[in-house]
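In: I'd like to go over a predicted model; first the sequence, then the structure.
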Amino acid sequence: MITEMFFIMNVIGLIAFAVVGSFKALKENLDLFGITVLGVITALGGGITRDLLVNRIPYALKSFTDISFALAGVWFAIVLYRIFKKDISNRFFILIPDAIGLSAFTTTGALIAYDADVTFFGIVILATLTGIGGGVISDILLGKVPTVLKDDFYASCAIIGASAFYISVQSGIEVNLSAFICAAVVFMIRILAILYNWRLPKFS
Amino acid sequence: MITEMFFIMNVIGLIAFAVVGSFKALKENLDLFGITVLGVITALGGGITRDLLVNRIPYALKSFTDISFALAGVWFAIVLYRIFKKDISNRFFILIPDAIGLSAFTTTGALIAYDADVTFFGIVILATLTGIGGGVISDILLGKVPTVLKDDFYASCAIIGASAFYISVQSGIEVNLSAFICAAVVFMIRILAILYNWRLPKFS
Amino acid sequence: MITEMFFIMNVIGLIAFAVVGSFKALKENLDLFGITVLGVITALGGGITRDLLVNRIPYALKSFTDISFALAGVWFAIVLYRIFKKDISNRFFILIPDAIGLSAFTTTGALIAYDADVTFFGIVILATLTGIGGGVISDILLGKVPTVLKDDFYASCAIIGASAFYISVQSGIEVNLSAFICAAVVFMIRILAILYNWRLPKFS
């Protein structure tokens, strides 16, 4: 049951992330290749970076389904863009699936980091990177300072969720249940952050 | 014979890519180290990224010749720049060797991806990345949106060539011949794209 | 004795690099997460990139101490910023520890490259990347052309030091002593470069 739930959350996340990435490209007037690259890399880039760091051939290159869902998201974004004629990635029907994706990706990252025998910091970094890495890479490709570094309460959700996973596993709670806790924490905090417009402090 | 041909194509590509990369740096007024980095990374960056993704220590770090040809290209670019006093990377005597390089690099990438046991998408991604990765990295280093994402019909040549390679291998055609087909397709389509000024569609 | 000296140099470097990276983020008005990422990646990014290239799981993910020192540097930078209210990373009490860090990181990179069985170019690239990689990544994250590519005599110190290491090892000098020579050369040249305001040639 939990496996099926994670599979569905991952699919929702891949499509939502690809939609968000393609919209960035559409706004910047990239061509069809640029839109596809931005969409696919937003969906898969976090997982690919994590796999590089733990020395695995990226799962995204070995799986037919992941990239198919990402390409579906690219296609969907182009359709949406022709209908709405503007960026709609800050609407609720994008923000909610995006939060589901952040939650699923962070949890996958935490699980893989747990297997890779890294420190607490290593788990938090790999989990967060899996969740936010695709968005960061796509911002870099557009020559922009990644949004997660400047505004919003986005990476913080992944950090808190990964920390909850670590504490949970260390307390002797079974790994699958800890993963579930991680996903729930990330999702709920992200929704609260959207609703209450949370921000991290700045110092200038 | 085919081995010798590929070797020569690779050498031409390394020098041409290094010239193009160094010119980007010269235009942006980078210093000698910056010019060298941009030239070398344009020539070797695609192959290095591909090697990272398939979990190999980059060949470029183990080979004396590849980086030597790249450095020769950097030196050549500085000489050309002092003679012409402007960017000449859109002249035919640069565009043709550059197309040869795109063709050789894409084919090497397809062959290595084939050995790495990835999906069709994996082959296309790794082959295309080998061909265009160096240029993308050098654009990112200059804080620019990579040209291949915005304009031109460049990455598309690699994608079509890698697809031809895959279809060819799947049809039972021998791998070396499939590699030759890949290289020929990439080169011919790239030349057509230059001659007829092909562009991919945009949506805004 | 040499081991202790290198440990201390590394700690100084981690803190100094983290301070410099955090200051970049503070100047760009990033939030607390952005400041932390910039500081940590400036301190650890060079080593992580090097580990990726030689196919190791990054040491920074397996060590508790390295990231702790980097986080201490981030905290220290925020405190300094509140006191001085401006960027102080070009003051001597930052430049000297930064030079110590460049020296320690370059030497670690040269030693690891030496074990990875790469060419002379491979050693120079991996050593230099270990020294300057973190700063380059943090500049890219801020959408800027990396400073080391444009100005200053910084990467050149690492290149000269790594070359000295290679010549020294090839001449039959023991590896530990060669590492010491590398570190001394990098540090002394960097200090001279600061004092005499050295620059590399440009061509435009």
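Out: All right, it came through fine.

In: dump the residue contacts of the closest residue to residue A:60 other than its chain neighbours.
Out: In this structure, residue A:60 finds its nearest non-sequential neighbour in residue A:44, 4.3 Å apart by Cβ to Cβ, 6 or more residues apart in numbering or on different chains. C-betas here are computed from N, CA, C, even on glycine. Each residue near residue A:44 by Cβ atoms under 8 Å, 6 or more residues apart in numbering or on different chains is listed here: A:14, A:58, A:60, A:66-67, A:70, A:134.

In: Equivalent analysis for residue A:153, please.
Out: Applying Cβ under 8 Å, 6+ apart, one finds that residue A:153 lies in contact with A:189-190, A:193, A:198-200.

In: Where does it sit: helix, strand or coil?
Out: Assigned with DSSP: H, G, I helix; E, B strand; the rest coil, residue A:153 falls in the coil class.

In: Can you name the residue of chain A nearest to chain B?
Out: The minimum distance from chain A to chain B, using Cβ to the nearest Cβ, falls at residue A:34 (3.3 Å).

In: Okay, and that residue sits in which element?
Out: Taking DSSP states H and E as the definition, one finds residue A:34 inside helix A:32-53.

In: Measure how far that helix is from the centre of its chain, please.
Out: Chain-centre distance of helix A:32-53: 11 Å, with Cα atoms, centre = their mean, to the nearest Å.

In: next one: stretch A:132-146
Out: 12 Å.

In: Give me the contacts around that stretch.
Out: So stretch A:132-146 is contacted by A:17, A:20-21, A:24-25, A:28, A:37-38, A:41-50, A:102, A:147-149, A:154-155, A:158, B:136, B:140, B:143-146, B:149, C:28, C:30, C:140-143 (Cβ under 8 Å, 6+ apart).

In: re earlier: what's the spacing between the residue nearest to residue A:60 and chain C?
Out: Relative to chain C, residue A:44 is positioned 18 Å away (Cβ to the nearest Cβ, to the nearest Å).

In: Let's see if you can find the most crowded of the contacts of residue A:153.
Out: Neighbour tally across the contacts of residue A:153 (other Cβ atoms under 10 Å in any protein chain shown): the maximum, 28 neighbours, falls on residue A:190.

In: That residue reaches residue A:102, doesn't it?
Out: Yes: with contact defined as Cβ atoms under 8 Å, residue A:190 reaches residue A:102; the gap is 5.9 Å.

In: what's the overlap in contacts for the two?
Out: Common neighbours of residue A:190 and residue A:102, counting by Cβ under 8 Å, 6+ apart, are A:154, A:157.

In: For whichever strand or helix holds residue A:109, buried residues please.
Out: Per DSSP H and E: residue A:109 is located in helix A:92-115. For helix A:92-115, burial by neighbour count (16 or more other Cβ atoms under 10 Å in any protein chain shown) applies to A:94-114.

In: quick one, it and helix A:32-53 angle?
Out: Put simply, helix A:92-115 runs at 30 degrees to helix A:32-53, going by axes from the mean of the first three to the mean of the last three Cα atoms, to 10 degrees.

In: right, and the helix or strand after helix A:92-115?
Out: For helix A:92-115, the succeeding helix or strand toward the C-terminus, using DSSP H and E, is helix A:120-141.

In: So for that following helix, mean pLDDT?
Out: The predicted model gives helix A:120-141 an average pLDDT of 97.

In: Is the very next helix or strand once past that helix in proximity to chain B?
Out: Next along the chain after helix A:120-141, taking DSSP H and E as the criterion, comes helix A:147-150. No: shown here: helix A:147-150 not in contact with chain B (Cβ under 8 Å from any Cβ of the partner chain), separated by at least 15.6 Å.

In: tell me which parts of chain A are close to chain B?
Out: A:25-35, A:37-38, A:48, A:52, A:55-58, A:61-64, A:67, A:78, A:81-82, A:140-143.

In: Now the buried members of these.
Out: Buried members of the residues of chain A next to chain B, counted by 16+ other Cβ under 10 Å: A:25-26, A:28, A:30-35, A:37-38, A:48, A:52, A:57-58, A:61-63, A:67, A:78, A:81, A:140-143.

In: which residue does chain A bring closest to chain C?
Out: Chain A approaches chain C most closely through residue A:149 (3.3 Å), counting by Cβ to the nearest Cβ.

In: for the closest residue to that residue other than its chain neighbours, what are its contacts?
Out: Nearest in space to residue A:149, with sequence neighbours left out and distances taken as Cβ to Cβ, 6+ apart, is residue C:34 at 3.3 Å. Applying Cβ under 8 Å, 6+ apart to residue C:34 gives the contacts A:148-150, C:25, C:28.

In: at 10 Å instead, please
Out: Shown in contact with residue C:34 (Cβ atoms under 10 Å, 6 or more residues apart in numbering or on different chains): A:145-151, A:155, A:200, A:202, C:22, C:24-26, C:28, C:141-142.

In: next one: residue A:147
Out: Here residue A:147 is in contact with A:24, A:132, A:135-136, A:138-139, A:154-155, C:34 (Cβ under 10 Å, 6+ apart).

In: Check which helices and strands the helix ranked longest in chain A sits against.
Out: Ranked by residue count, the top helix of chain A under DSSP state H comes out as helix A:2-27. Contact partners of helix A:2-27 among helices and strands, from 3 or more Cβ pairs under 10 Å, 6 or more residues apart in numbering or on different chains; DSSP states H and E: helix A:32-53, helix A:64-84, helix A:92-115, helix A:120-141, helix A:175-196.

In: Figure out which of those is closest to residue A:3.
Out: Nearest to residue A:3 among those is helix A:175-196 (8.9 Å), distances taken as Cβ to Cβ.
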